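S.K.: A structural model of the following input is requested.
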Amino acid sequence: MEELLQAFPALSEITGSLDATWILVGITLVFFMQCGFAMVETGFTRAKNAGNIIMKNLMDFCLGAIAFWLIGYSIMIGHLINPITMTYVVDGVTENVDMLHFMFFLVFCATTATIVSGAMAERTRFITYCVYSVCISAFIFPVTGNWIWNGGFLSQWGFHDFAGSTAVHMIGGILALIGAWMLGPRIGKYKKLENGKLESKAIPGHSLTLGALGVFILFYGWYGFNGASEYAIVGAETAANVSLVFVTTTMAPAVATTTVMIITWIRYKKPDVSMTLNGTLAGLVAITAGCDQVSVFGAVCIGLLAGFVVVFGIEFLDQKLHVDDPVGAVGVHCFNGALGTVLTGVFSINGIYGAITKNVTVSEGFKFFGIQVAGVAICAVFTIACGLVLFFILKKTLKLRVTKEEEILGLDLTEHGLVSSYADFMPTVAGESLTGSMDKGEMATQEVVKSKDEVFDVNKPLTVDESVPVKKVTTSIGKEGPKMSKIVILANPAKFEDLKKAMDGIGITGMTVTNVTGCGLQKGDTNNYYRGVKVDISLRPKIKMELVVSKIPVETVIMAAKNALYTGNYGDGKIFVYDVDNVYKVRTGEWDYAALQDE
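M.R.: The predicted structure is shown next:
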């Protein structure tokens, strides 16, 4: 390739442009990962904090970009940048900043900052989060990035972290661990038992759909995260290297995900959805350090070990150390970032695997492994020290945590003035809207006065009285008539169609139906687990059907409902009957029995 470029100089510009284009594509993919992190964190936490989480994931990139431009990039490349002219001086010569290089590491920097958000979700003050995001982007990530990627002492040692298992993920994961530990758990996360021990309680996220969407986005973005780190695409050898990166970046998370599914299936009797999603991310994090140097078999081994580490790491953190991490950020990024970097020393062609296959000598292979371990340890010590100092200062000044009342109400309301991030969304049953309450075929007995037919002018605004022709009646509250009863049926959603047909069969057409959740004395299915923690009370999906009857006997309704719902198993449902004093139909002005009838 070099000989061809020398023979045809114009090709050099073309290949340079292609390489730059590939890197820019990778930059956009890594930036899109911010969306993935936002969706994972939002889905794995409660709806009352969704707006706060979206805001944090937006601002850690925006504030981090400013901090990296002003301070961080200078530290990372080891030269003082003039942020106005984007130049720096080397040996008396003024050099322009490589904008491609700047932008590439900017999006990596943002990833480090956003990892911390998930572990500290649902109870962190927004202003405090903004400040520590700036500190991470301005100092902590740039220092380790310089050591590992930009001519620092670790890169001179031969430490290999191709795309950031340590520089991005372990650093972010350690800061997440320290932050979650100093912040304390969410209210209700741990229960103190009579023996003084703490028992972990499950707090399920409000949307695994959003969580899964986030994982798919991150998986997609990771091809840019790892693939663009080759920093070129042109040439047969380079293309082969990028292809290997893509393959290993696929196989490690695939194996990790499968491993987690099997482990949780065995341990919890059912495959855990949220933990399996974490398994995908764990495999991606673990392979990031050595995706360019390990074989496909090495990627499979790394993915397998990552699956075990993420499950037992999250359980250990939650149930033994009692550190509340709502999204599993520490297990995914901290534990597997360190694991993947160390395993690069084992499965790399320059590591122990390389010594076995005769690619390097035994001493060279074990030396490389030792460098990987030492590099992880050095970066961990530095990050722990910075994290402790940073969060201690923030805890004493700005305060890390919101008040108890603010946490209970939700950060959407207390931090951002949002009543809900899901305004105007209402559940429906089987796509139907069933409202109203009347007995089929029953007619009013009161004397009515028919309204006069009118011709409406389409250009003339209608008053309320003109909008709908009505039959006006004269009646009074308390007029004698058949007894009115309200019937509320709680039932299994699977039986909704049978119940609806049964009600229609006895003459009921008016009903109000809503989706609800609940449980009886059995507390739902208590054999369920969420992220390794047994769920004490499992609210099961139910349908709630409300009817008001007068002419049709209550007993008839109850027997028809029973025949439609009965299976003899727990969860068949319950029927409640209430007396109704008065009913008023707004449109016609009718009262009581007449208000329930068809016209």
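S.K.: count the residues that sit near residue 199.
M.R.: 13 (other CB atoms under 10 Å). Any C-beta I mention is one placed from the backbone N, CA and C, and that applies to glycine too.
S.K.: so what's it up against?
M.R.: Counting by CB atoms under 8 Å, 6 or more residues apart in numbering, residue 199 touches 190, 191, 192, 193.
S.K.: which ones among those residues are found in strands?
M.R.: Counting by DSSP state E, the part of the contacts of residue 199 found in strands is 190, 191, 192.
S.K.: the residue nearest to residue 283 when sequence neighbours are not counted: neighbour count?
M.R.: Counting by CB to CB, 6 or more residues apart in numbering, residue 283 lies nearest to residue 256, which is 2.8 Å off, once chain neighbours are set aside. By the measure other CB under 10 Å, the count of residues near residue 256 is 34.
S.K.: correct me if wrong, but residue 256 is in a helix.
M.R.: Yes: under DSSP: H, G, I helix; E, B strand; the rest coil, residue 256 sits within a helix.
S.K.: pLDDT score for it?
M.R.: Residue 256 carries a pLDDT value of 98.
S.K.: tell me the contacts of it?
M.R.: Contacts of residue 256 (CB under 8 Å, 6+ apart): 279, 280, 282, 283, 284, 286, 303, 304, 306, 307, 310.
S.K.: try residue 253
M.R.: Neighbours of residue 253 in contact, by CB under 8 Å, 6+ apart: 219, 222, 279, 280, 281, 282, 283, 284, 287, 303.
S.K.: distance of it from residue 287?
M.R.: Here the criterion is CB to CB, to the nearest Å. By it, residue 253 lies 7 Å from residue 287.
S.K.: quick one: common contacting residues for these two?
M.R.: The contact lists of residue 253 and residue 287 share residue 303, where a contact means CB under 8 Å, 6+ apart.
S.K.: was I right to think residue 289 contacts residue 161?
M.R.: Yes: here residue 289 reaches residue 161: they are 4.8 Å apart, a contact under CB atoms under 8 Å.
S.K.: who has more neighbours, these two?
M.R.: The neighbour count for residue 289 versus residue 161, taken as other CB under 10 Å, is higher for residue 289 (37 against 30).
S.K.: grab the nearest non-local neighbour of the more buried one.
M.R.: Using CB to CB, 6+ apart and skipping the chain neighbours, the partner closest in space to residue 289 is residue 165 (3.4 Å).
S.K.: go on, residue 373?
M.R.: Nearest one to residue 373, counting by CB to CB, 6+ apart, is residue 342 at 5.8 Å.
S.K.: please identify the helix or strand for the one you found.
M.R.: Assigned by DSSP states H and E, residue 342 falls within helix 336-347.
S.K.: same deal with residue 571?
M.R.: Residue 571 is part of no helix or strand when elements are defined by DSSP H and E.
S.K.: that one against residue 521, yeah?
M.R.: No: using CB under 8 Å, residue 571 is not in contact with residue 521, being 11.5 Å away.
S.K.: hang on, residue 128 in a helix?
M.R.: Yes: applying three-state DSSP, one finds residue 128 inside a helix.
S.K.: let me see the contact set for the spatially closest residue to it that is not a sequence neighbour.
M.R.: With CB to CB, 6+ apart as the criterion, residue 128 has its nearest non-adjacent residue at 4.7 Å, and that residue is residue 398. Contact partners of residue 398, counting by CB under 8 Å, 6+ apart, are 125, 127, 128, 131.
S.K.: try residue 419
M.R.: Contacts of residue 419 (CB under 8 Å, 6+ apart): 412, 413.
S.K.: could you redo the last one with a cut-off of 10 Å?
M.R.: By CB atoms under 10 Å, 6 or more residues apart in numbering, residue 419 lies in contact with 48, 51, 410, 412, 413.
S.K.: from those, which would you call buried?
M.R.: Taking 16 or more other CB atoms under 10 Å as the criterion, what is buried in these is 48, 51, 410, 412, 413.
S.K.: pretty sure the first one is touching residue 410, no?
M.R.: Yes: the pair formed by residue 48 and residue 410 meets the contact definition of CB atoms under 10 Å, at 2.8 Å.
S.K.: common neighbours of these two, please.
M.R.: Common neighbours of residue 48 and residue 410 (criterion: CB under 10 Å, 6+ apart): 122, 418, 419, 420, 421.
S.K.: hmm, which two among these are most spread apart?
M.R.: Taking CB to CB, the two most distant members of these are 122 and 419; they sit 17.2 Å apart.
S.K.: quick one, what contacts the spatially closest residue to residue 192 that is not a sequence neighbour?
M.R.: Leaving out its chain neighbours, the residue that sits closest to residue 192 by CB to CB, 6+ apart is residue 198, at 5.9 Å. Counting by CB under 10 Å, 6+ apart, residue 198 touches 185, 189, 190, 191, 192, 319, 320, 322.
S.K.: rewinding a little: columns pLDDT, distance to residue 390 and neighbour count on top of the ones in strands among the contacts of residue 199, output as TSV?
M.R.: Output for those, formatted as TSV (pLDDT from 0 to 100; distance: CB to CB, whole Å; neighbours: other CB atoms under 10 Å):
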residue	pLDDT	distance to residue 390	neighbour count
190	95	25	18
191	91	31	11
192	91	30	9
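S.K.: which of the residues you listed sits closest to residue 232?
M.R.: residue 190 (50.2 Å).
S.K.: right, and the closest one touches residue 324 too?
M.R.: Yes: counting by CB under 10 Å, residue 190 touches residue 324, with 7.7 Å between them.
S.K.: now for the two: what residues contact both?
M.R.: Taking CB under 10 Å, 6+ apart as the contact rule, the neighbours common to residue 190 and residue 324 are 184, 200, 318.
S.K.: and the last one, backbone torsions?
M.R.: With angles defined as degrees, to the nearest 10, residue 318 sits at phi -80, psi -50.
S.K.: how far away is it from residue 403?
M.R.: From residue 318 to residue 403 the distance is 24 Å (CB to CB).
S.K.: and those two? Which one has more around it.
M.R.: residue 318 (23 against 12).
S.K.: residues contacting the nearest residue in space to that one that is not next to it in sequence?
M.R.: Using CB to CB, 6+ apart and skipping the chain neighbours, the partner closest in space to residue 318 is residue 200 (5.3 Å). Residues near residue 200 by CB under 10 Å, 6+ apart: 185, 189-191, 315, 318-320, 322, 324, 531-534.
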